[in-house]
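Participant: Provided below are the primary sequence and the corresponding predicted coordinates.
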Amino acid sequence: MPEELDAVIHAPARLRVVASLAALGRGDEVAFPKLRKLLDMTAGNLSTHLRKLEDAGYVRVTKTHEGRTPVTYLALTDNGRTAFADYQAALMDLLKGAQG
C-alpha cells in the first residue's frame, strides 16, 4: 500500500507554494509580493495557505522592515523540504501502482 499523500501539501494552492519554495536554494528566501505575483494569487489567499504551511513547520515566515516599509520573506524549512520529498515519492508510488 503506498504512503498517504501529505494533506497539508496536497491542496493544489499549497502544492504550488511548496514547489515554488523548493526551487529556491537551501537557506534562500523570497519576498511575499514576488511569490504572490509568481503564483498569481491574491494576498489573502496566499496568506491563508502560508499560515497552514507555517503551522505544519514547512514554511518559515520572516517579517522585517526595510526602512519604514514592512517586508515578509518566505522560505521552505528543512522539515518542509523533507515533507515535499516524501510527498513526491508517495505520489510516484501511487502513479506506479496505477500503471500496474
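Facilitator: Alright, I've got the coordinates. As the structure is a computational prediction, the values presented were derived from the model and not from experiment.
Participant: can you pull out the helices in the chain?
Facilitator: Using DSSP state H, the helices of the chain run over residues 7-10, 12-22, 32-39, 43-55, 78-99.
Participant: winner for burial among these?
Facilitator: The highest mean neighbour count among the helices of the chain, using mean count of other C-beta atoms under 10 Å, belongs to helix 12-22: a mean of 18. Glycine gets a C-beta too; all of them are placed from N, C-alpha and C.
Participant: quick one: contacts of it?
Facilitator: Contact partners of helix 12-22, identified using C-beta atoms under 8 Å, 6 or more residues apart in numbering, comprise 8-9, 30, 35, 38-39, 41, 45-46, 49-50, 52-53, 58-59, 74-76, 80-81, 83-84, 87.
Participant: what mean pLDDT does that helix have?
Facilitator: Helix 12-22 shows a mean pLDDT of 98.
Participant: and of the helices of the chain, who's closest to Lys63?
Facilitator: Nearest to Lys63 among those is helix 32-39 (9.3 Å), distances taken as C-beta to C-beta.
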